[in-house]
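Student: Quick check, what structure comes out for this input:
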Amino acid sequence: MNSKELKNIRIGSADIYVMKWTGTVPENSEIEKDDNMIGRTKNGATFNYSAEWVTAESDDGKARRSKLKAETASLNYGNITPNSETIETLIATARRGEIENGRYIITEQDQ
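Tutor: Next comes the predicted model:
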């Protein structure tokens, strides 16, 4: 028997940081650095989490055991003001160009 649980947690405006996964969760002070900030969001964000469980039960119903089969997590955010210095973290082919009229130009480059 499979069951699925979905939870949405609404959060407010936030700075969004991204780091390459190394297998361990670093301290907040390591994550929240300018080099890792990809942008700021307005109008909030929603953190989505779902877990899929497999449950085995004995024929007489007296014994039951559940095992986590899969987890999914995502972050949906509203309007984001991207940090042009870290855009390459999100888009492998993105390149920040020169300033034109006080603005950086972001281009896509063939892989």
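Student: what ranges do the helices span in this structure?
Tutor: Secondary structure of the chain (DSSP state H): helices at 28-31, 87-90.
Student: which one of the ones you listed has the lowest average pLDDT?
Tutor: Lowest mean pLDDT within the helices of the chain: helix 87-90, a mean of 67.
Student: how close does Ala63 sit to Glu57?
Tutor: 7 Å (C-beta to C-beta, to the nearest Å). Quick note: C-beta positions are derived from backbone N, CA and C, even for glycine.
Student: neighbour count winner among those two?
Tutor: Residue environment comparison for Ala63 versus Glu57 gives the larger neighbour count to Glu57, 12 against 9, counting by other C-beta atoms under 10 Å.
Student: partner residues bridging Lys42?
Tutor: Per DSSP bridges, the residues bridged to Lys42 are Asn79.
Student: That one against Thr81, yeah?
Tutor: Yes: taking contacts as C-beta atoms under 8 Å, Lys42 lies within contact range of Thr81: 7.4 Å.
Student: Going by residue numbers, what spans are strands in the protein?
Tutor: 2-11, 14-17, 37-57, 64-82, 94-100, 103-108 (DSSP state E).
Student: what's the shortest one packed up against?
Tutor: The one in question is strand 14-17. strand 37-57, strand 64-82 (3 or more C-beta pairs under 8 Å, 6 or more residues apart in numbering; DSSP states H and E).
Student: Name the residues that touch that strand?
Tutor: The contact list for strand 14-17 (C-beta atoms under 8 Å, 6 or more residues apart in numbering) reads 31-33, 36-41, 45, 75, 77, 80.
Student: Could you give the average pLDDT over that strand?
Tutor: Confidence for strand 14-17, expressed as mean pLDDT, is 83.
Student: tell me which residues of it are tucked away?
Tutor: Ala14, Ile16, Tyr17 (16 or more other C-beta atoms under 10 Å).
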